[in-house]
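Quick check, what structure comes out for this input:
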Amino acid sequence: MANPYEVLGVAKSASDGEIRSAYRKLAKTFHPDLNPGDKAAEDKFKDVASAYDLLGDADKRKRFDAGEIDETGAERPQQRYYRDYASEAGHAYASDSGFADYMDGDDAFAELLRRSQQARANRRGPDIRYTLPIPFVDSITGANTRLTLPEGGTLDVTIPPGLIDGQVLRLRGKGGPGTGTGGPGDALIEVEVRPDPRFERDGDDISIELPISLTEAVLGGKVRVPTPTGEVTMSVPKGASTGARLRLKGKGAPRREGGHGDEYVKLKIVLPQPPDPALESFVEGWEAGKSFNPREGR
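Numbers count the residues shown, from 1 in each chain. Next comes the predicted model:
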């Protein structure tokens, strides 16, 4: 910190009253409650407060002028925030009585200090963040689950249908405790949707790859298809090819405007393993199959 006389803008011969007046003027200008979010003003206020802590105390000022202590004061650690000075007796921002002579006044600064003191005594508790992993299916259908907290407690959480990965749920009053009449903060729960090997989501729609047999592809048939709400029966048309997409209407995620997205089923023909000799024999004698070129025209 710079020389405390320079910080307060007073001469070394300044009287106690002049030092006090200079400090009050600068405190009005740089007080953090008057400059919310202004880091430069907060840093300036800390310098001003430190300077006054030194020069406003007759014994400390005498020792400083005599060269017995430096600008920081031997008994005080450095790099503190202005609220940390509340543990130091005698500092002008130290306690409820530190600004007592200012708070007795009727000006705006005195009113600010009174309100600031009351706000600190009745401060709302902090919000606390948690992460909650959930299954993919629960993110589509919704669910009720229980979150175990690091400290051993639990929170019951309702997962709304259609929730997306990274969405934050707010549980009001489930955060850290407040002080005085200040209520507790909130629990902010960031949901982490675990991948499901069966499903992929694209907006309100979901997709799935469904293996089918050669018989089902050639002749068509009824197959069972997984959806987030359970299996349903779907018809595979005759002559289906790998890559064909069929739609299950309304089996996707809930839409904000109402209704649901769709589930798209991508077919994939899977041959039996090990290879079937009868199938090989048939294909060898299938002349139409030999003449068909699926790559022609692509």
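
Strands along the stretch 151-298 of the chain, start to end?
154-159, 168-171, 187-193, 199-202, 205-212, 221-225, 232-236, 245-248, 263-269 (DSSP state E, counting those that start in this stretch).

could the ones you listed be laid out in TSV, adding distance to S50?
Where you see a C-beta, it was placed from the backbone N, CA and C, and this is true even at glycine. Below are the strands of the stretch 151-298 of the chain laid out as TSV (distance: least, Cβ to Cβ, whole Å):
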stretch	distance to S50
strand 154-159	43
strand 168-171	40
strand 187-193	36
strand 199-202	56
strand 205-212	61
strand 221-225	71
strand 232-236	72
strand 245-248	70
strand 263-269	66
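
top helix in this protein by residue count?
helix 39-55 (DSSP state H).

Please name every helix or strand in contact with that one.
When contacts are defined as 3 or more Cβ pairs under 8 Å, 6 or more residues apart in numbering; DSSP states H and E, helix 39-55 packs onto helix 4-8, helix 16-30, helix 58-65.

so of these, which one's packed in deepest?
When you average the neighbours per residue for each of the helices and strands packed on helix 39-55 (mean count of other Cβ atoms under 10 Å), helix 4-8 leads with a mean of 21.

Any stretches of the chain with poor pLDDT?
Residues of the chain meeting the criterion pLDDT under 70: 1, 73-121, 298.

Quick check: can you list the domain ranges of it?
Per the record, the chain has its domains at 4-121, 128-193, 199-291, by automatic domain parsing.

closest one to G297 among those?
Evaluated over the domains of the chain, closeness to G297 peaks at domain 199-291, with 14.5 Å, by Cβ to Cβ.

what's the spacing between that closest one and its chain's center?
40 Å (Cα atoms, centre = their mean, to the nearest Å).

re the thing from before, now tabulate the domains of the chain in CSV and tack on distance to G297.
Shown next, in CSV, are those (distance: least, Cβ to Cβ, whole Å):
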stretch, distance to G297
domain 4-121, 65
domain 128-193, 39
domain 199-291, 14
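
hang on, the earlier thing: and of the helices and strands packed on helix 39-55, who's closest to F282?
Closest to F282 of these is helix 16-30 (Cβ to Cβ; 90.5 Å).

just checking, R172 touches D186?
Yes. Applying Cβ atoms under 8 Å, one finds R172 in contact with D186, separated by 5.1 Å.

who has more neighbours, the two?
D186 (20 against 11; other Cβ atoms under 10 Å).

possible to save the helices and strands packed on helix 39-55 as a markdown table with distance to P275?
Below are those laid out as a markdown table (distance: least, Cβ to Cβ, whole Å):
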| stretch | distance to P275 |
| --- | --- |
| helix 4-8 | 89 |
| helix 16-30 | 84 |
| helix 58-65 | 94 |
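
Indicate which one of those is closest to E257.
Closest approach to E257 among these (Cβ to Cβ): helix 16-30, 51.0 Å.

Show me what the closest one is packed up against.
helix 4-8, helix 39-55, helix 108-121.

try 10 Å
helix 4-8, helix 39-55, helix 58-65, helix 100-103, helix 108-121 (3 or more Cβ pairs under 10 Å, 6 or more residues apart in numbering; DSSP states H and E).

picking up where we left off before, overlap in contacts, R172 and D186.
By Cβ atoms under 10 Å, 6 or more residues apart in numbering, R172 and D186 have these common neighbours: D127.

and E231, how far is that from Y23?
Remark: distance between E231 and Y23 (Cβ to Cβ, to the nearest Å) = 76 Å.

So what sits opposite the residue nearest to A244 when sequence neighbours are not counted in the bridge?
Closest residue to A244 apart from its sequence neighbours, by Cβ to Cβ, 6 or more residues apart in numbering: L267 at 4.7 Å. L267 forms beta bridges with L210, as assigned by DSSP bridges.

L267: how many residues sit nearby?
L267 has 21 nearby residues by other Cβ under 10 Å.
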